[in-house]
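*Asks:* Build me a model from this:
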Amino acid sequence: MARKKKGRDMHGLLVLDKPAGLSSNHALQRVKRLFNAKKVGHTGTLDPLATGVLVLCFGRATKIVEHVMQLKKAYHVVAKLGEQTETADSEGEVIATEAVSEQHKQDFTKVADQFLGKILQQPPMFSALKKDGVPLYKIARQGKQVERSSREIEIYSIEVEDIVNEFVAMNVNCSKGTYIRTLVEDIGEKLGCKAHVKELRRLSVGDFGLNYPMYSLNLLEKFVENGVSLERLLLPIEAAFMGYPQTQVKEGLIQLAEQGTSIKFEASNNTGFVRIYDTNQTFRGVAQLNSGRIEQFSKFYPN
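*Replies:* Model (predicted):
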């Protein structure tokens, strides 16, 4: 007999400001307990060293985890030149060193710019990716290396803010699947002086972190102590789709779309994704259009 999940049914999104020192899953579990929620998922792992935006999906919102993971990311990074570590960040042991010259610092931006656009990146061994069902970081802790296929990612911008001694502060905008640790290590390698991530903060995931409030674990705990209903902090599911145009559709047509029928209607854009609202202005889901015809409909309405 299946064990009944504990907690309350609640649906929506929360932007957590993950603290340093916790894995994404540990942070999620603490939030789940604070909310007493039955079902919560996160939308992309942040390293324990990293802080910042971790979008959590409650209840029905777990259906859009993959969508949120596809959104563009922005990070603030502090890189340390002159040292390579086993994990590509400051949590790992130093395995190689190089002297850092003034020329290295002067060339940093020029070298970093070579990584702009679509590039192939090999995931690090110290990552949550799995090989034959085993997380790579567990294999790495045994001192082993396994073959990893490079993946295409895209770096939209790298803006160097400051270089002080051997530390470089910069902002990076990138696609899903980008490992900032690997990016920094690769820049250091090409620069000729090694590098690793000293500090990392995720600033945004799509609009999350920019246009929506973000909560720390400490603040959530204070709310609980003061009797504040945490469920009221959840964003509606449609917050993840605000970048799409919206259109209003009659109830009968929505029901046909929910049943998988391909229907045609007028919309501001005839191809791509749109948010579907009924005549009561209630968000009902997201449709993928082709020449004004719904090819796929994802339902998010409660009933």
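
*Asks:* longest strand in the chain, by residue count?
*Replies:* Counting by DSSP state E, the longest strand found in the chain is strand 151-164.

*Asks:* the inter-axis angle of the helix or strand following that one versus strand 151-164?
*Replies:* Sequence order places strand 167-174 as the next helix or strand after strand 151-164, per DSSP states H and E. Taking axes from the mean of the first three to the mean of the last three C-alpha atoms, to 10 degrees, strand 167-174 and strand 151-164 form an angle of 150 degrees between their directions.

*Asks:* what comes up buried for strand 167-174?
*Replies:* Across strand 167-174, burial judged by 16 or more other C-beta atoms under 10 Å covers 168-170, 172-174. Every C-beta, even on glycine, is put in place using the N, C-alpha and C of the backbone.

*Asks:* just how off-centre is it within its chain?
*Replies:* 17 Å (C-alpha atoms, centre = their mean, to the nearest Å).

*Asks:* Likewise for stretch 157-167?
*Replies:* Its chain's C-alpha centre and that of stretch 157-167 lie 23 Å apart, by C-alpha atoms, centre = their mean.

*Asks:* which other residues reach that stretch?
*Replies:* Contacts with stretch 157-167, where a contact means C-beta atoms under 8 Å, 6 or more residues apart in numbering, come from 78-82, 100, 105, 108-109, 112-113, 115-116, 168-173, 198.

*Asks:* residue contacts, the residue lying farthest from the centre of the chain?
*Replies:* Distance to the chain centre peaks in the chain at residue 252, reaching 36.1 Å (criterion: C-alpha atoms, centre = their mean). Residue 252 sits next to no residue when contact means C-beta under 8 Å, 6+ apart.

*Asks:* Got phi/psi on residue 294?
*Replies:* Per-residue torsions, residue 294: phi -70, psi 120 (degrees, to the nearest 10).

*Asks:* Run through the stretch 101-250 of the chain and note the low-pLDDT ranges.
*Replies:* Within the stretch 101-250 of the chain, the segments meeting pLDDT under 70 span 125-140, 142-146.

*Asks:* all strands in it, in order from the N-terminus.
*Replies:* For the stretch 101-250 of the chain, the strands defined by DSSP state E, counting those that start in this stretch occupy 117-121, 130-131, 134-135, 151-164, 167-174, 195-205, 215-216, 246-248.

*Asks:* what separates the residue sitting nearest the centre point of the chain from residue 73, distance-wise?
*Replies:* Centrality entry for the chain: nearest residue to the mean C-alpha point is residue 44, 4.5 Å, by C-alpha atoms, centre = their mean. Separation of residue 44 from residue 73 (C-beta to C-beta, to the nearest Å) stands at 8 Å.

*Asks:* Next: residue 264.
*Replies:* 36 Å.

*Asks:* what about those two, which has more around it?
*Replies:* Using other C-beta atoms under 10 Å as the criterion, residue 264 and residue 73 rank with residue 73 on top: 24 against 13.
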